[in-house]
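1. from the sequence below, what's the structure:
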Amino acid sequence: MKKILGVVLASVIGLFFIACGNDNTDTLEAIKSKGVVTIGVFSDKPPFGFVNKNGENDGFDVYVSRQIAKDLLGDSSKVKFELVEAANRVEFLKSGKVDIIMANFTKTKEREEVVDFATPYMKVALGIVSKDGNIKSVEDLKGKKLIVNKGTTADFYFTKNYPEIELIKFDQNTEAFLALKDGRAEALAHDNLLVFAWAKENPGFEVGLSRLGDEDVIAPAVKKGDTKLLEWLNKEIETLNSNGFMKEAYKNTLSDIYGDSNLESVLFAK
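-> Numbers count the residues shown, from 1 in each chain. From the prediction side, this is the model:
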């Protein structure tokens with residue numbers, strides 16, 4: 001009886017370690033084997049990630065993602081875009097729904113605990129957009145409502161540092177900006193690059209506060225512990241930063257909004 005129990009126990013333990021081993025599959029080799037890389041991008045955050053009038057994924061993050069697929073698999077079309085929202089980016093990595101997140105992901109200490117960030121490619125801070133740019137400081141928000149997206153840097157920043165400010169939270173960027181236009185709050189806080197772009201396309205709104213909190217960086221992210229894919233991605237982004245590709249991506253997707261003169265202040269490109 002003891003021998004039978006021992007065999008059963010050994011089998012269970014063996015299956016447990018096999019399962020763990022499968023959970024830690026070499027993602028880089030798996031991508032090469034299946035011949036496609038799955039990358040999470042936004043569908044509603046122009047000019048970084050959006051679906052254009054032809055129903056195609058477009059924007060800066062998408063432009064870079066296609067180059068990642070080309071350098072990894074030899075063909076820029078060998079990428080599957082998975083549409084994400086700010087609040088589910090981490091879960092999509094954890095669950096294996098995506099191999100890489102390229103959804104304008106700001107690197108923070110809290111996020112570093114649950115995902116691995118690769119070499120950054122862009123700099124960013126928070127900005128606040130409002131009607132006629134009336135909100136010019138955090139002091140101006142006292143007694144007023146502020147719109148943020150769930151799970152964003154803006155959400156974390158105001159929840160932690162200004163709990164007295166009433167936050168109106170939305171899952172999607174489209175919903176958030178529509179709420180601002182409808183007057184459901186006095187202002188909206190998001191990445192300054194995004195609010196600059198939105199204000200330019202929406203007369204009557206201005207970015208009254210263009211830089212709030214620390215300057216952060218935006219970087220691709222992979223599942224925690226996905227070492228080989230992370231190492232490959234680090235080298236890839238370093239190359240794209242230094243060989244002129246990021247400048248090309250900026251000029252093709254962002255320069256109409258931010259201008260060529262802002263390139264050096266936005267990118268890490270050398």
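2. where do the helices sit along the stretch 1-150 of the chain?
-> Per DSSP state H, counting those that start in this stretch, the stretch 1-150 of the chain carries helices over the ranges 2-23, 27-34, 60-73, 89-94, 109-112.
3. and the shortest one, what's its mean pLDDT?
-> The one in question is helix 109-112. Mean pLDDT, helix 109-112: 94.
4. how many other residues sit next to residue 172?
-> 17 (other CB atoms under 10 Å). For every residue, glycine as well, the C-beta is placed using N, CA and C.
5. same deal with residue 62?
-> With other CB under 10 Å as criterion, residue 62 counts 23.
6. hmm, it is touching residue 81, no?
-> Yes - using CB atoms under 8 Å, residue 62 is in contact with residue 81, at 7.0 Å.
7. residue 85: neighbour count?
-> Neighbour tally, residue 85, other CB under 10 Å: 21.
8. which residue is the nearest non-sequential neighbour of it?
-> residue 171 (5.3 Å; CB to CB, 6 or more residues apart in numbering).
9. correct me if wrong: that neighbour contacts residue 149.
-> Yes - the pair formed by residue 171 and residue 149 meets the contact definition of CB under 8 Å, at 7.2 Å.
10. ok, these two, which is more surrounded?
-> residue 149 (25 against 14).
11. you'd agree the more buried one is up against residue 176?
-> Yes - taking CB under 8 Å as the definition, residue 149 is a contact partner of residue 176 at 5.4 Å.
12. what residues are shared contacts of the two?
-> Taking CB atoms under 8 Å, 6 or more residues apart in numbering as the criterion, residue 149 and residue 176 both touch 170, 190.
13. strands along this structure, start to end?
-> 37-41, 44-45, 49-51, 57-58, 79-83, 100-101, 115-117, 122-131, 145-149, 166-170, 187-191, 205-218, 221-223 (DSSP state E).
14. let me have those in JSON lines, extended by distance to residue 264 and mean pLDDT.
-> Below are the strands of the chain laid out as JSON lines (distance: least, CB to CB, whole Å; pLDDT from 0 to 100):
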{"stretch": "strand 37-41", "distance to residue 264": "25", "mean pLDDT": "98"}
{"stretch": "strand 44-45", "distance to residue 264": "23", "mean pLDDT": "92"}
{"stretch": "strand 49-51", "distance to residue 264": "23", "mean pLDDT": "97"}
{"stretch": "strand 57-58", "distance to residue 264": "24", "mean pLDDT": "98"}
{"stretch": "strand 79-83", "distance to residue 264": "28", "mean pLDDT": "98"}
{"stretch": "strand 100-101", "distance to residue 264": "26", "mean pLDDT": "98"}
{"stretch": "strand 115-117", "distance to residue 264": "22", "mean pLDDT": "98"}
{"stretch": "strand 122-131", "distance to residue 264": "10", "mean pLDDT": "94"}
{"stretch": "strand 145-149", "distance to residue 264": "28", "mean pLDDT": "97"}
{"stretch": "strand 166-170", "distance to residue 264": "33", "mean pLDDT": "97"}
{"stretch": "strand 187-191", "distance to residue 264": "18", "mean pLDDT": "96"}
{"stretch": "strand 205-218", "distance to residue 264": "14", "mean pLDDT": "91"}
{"stretch": "strand 221-223", "distance to residue 264": "25", "mean pLDDT": "98"}
